[in-house]
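K.L.:
Predicted structure and sequence below. I'll ask about it afterward.
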Amino acid sequence: MKQTVTIEIIDSTVLQLLRNLASMNLVRFTQETNKEDELITARLNEVYNDEESSLDPCLMVAQTEAIDRENW
């Protein structure tokens, strides 16, 4: 009986440790992803400070005419 209780306690402790580890990894991944997103956004902002981001009017017309009309 005592051995079974001890194994259950160990299993419970290991499971909690694994949950904590998974949680810490998720937090770390989210933080790293946010940093990467911020760097990408900053770089795009640098590019679009100097470059026009709208489509050429002729290209816009050509794309609009190429799209099939759908009834919604």
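P.N.:
Sure thing, it's come through.
K.L.:
now residue 15: how far from residue 62?
P.N.:
Note on residue 15: its distance to residue 62, by CB to CB, to the nearest Å, is 59 Å. (Glycine included, C-beta is placed from N, CA and C.)
K.L.:
my bad, residue 42
P.N.:
For residue 42, the distance to residue 62 equals 33 Å [CB to CB].
K.L.:
All the helices of the chain, in order from the start?
P.N.:
Listed in chain order, the helices of the chain (DSSP state H) span 2-50, 57-66.
K.L.:
tally of neighbours for residue 43?
P.N.:
When counting by other CB atoms under 10 Å, one arrives at 10 neighbours for residue 43.
K.L.:
typo on my end, residue 28
P.N.:
Counted with other CB under 10 Å, the neighbours of residue 28 add up to 10.
K.L.:
now it: how far from residue 61?
P.N.:
With CB to CB as the criterion, residue 28 and residue 61 are 48 Å apart.
K.L.:
Residue 51 too?
P.N.:
Applying CB to CB to residue 51 and residue 61 gives a distance of 21 Å.
K.L.:
One more: residue 22?
P.N.:
Distance check for residue 22 against residue 61: by CB to CB, it reads 52 Å.
K.L.:
pLDDT wise, what is residue 3 at?
P.N.:
Per-residue pLDDT puts residue 3 at 67.
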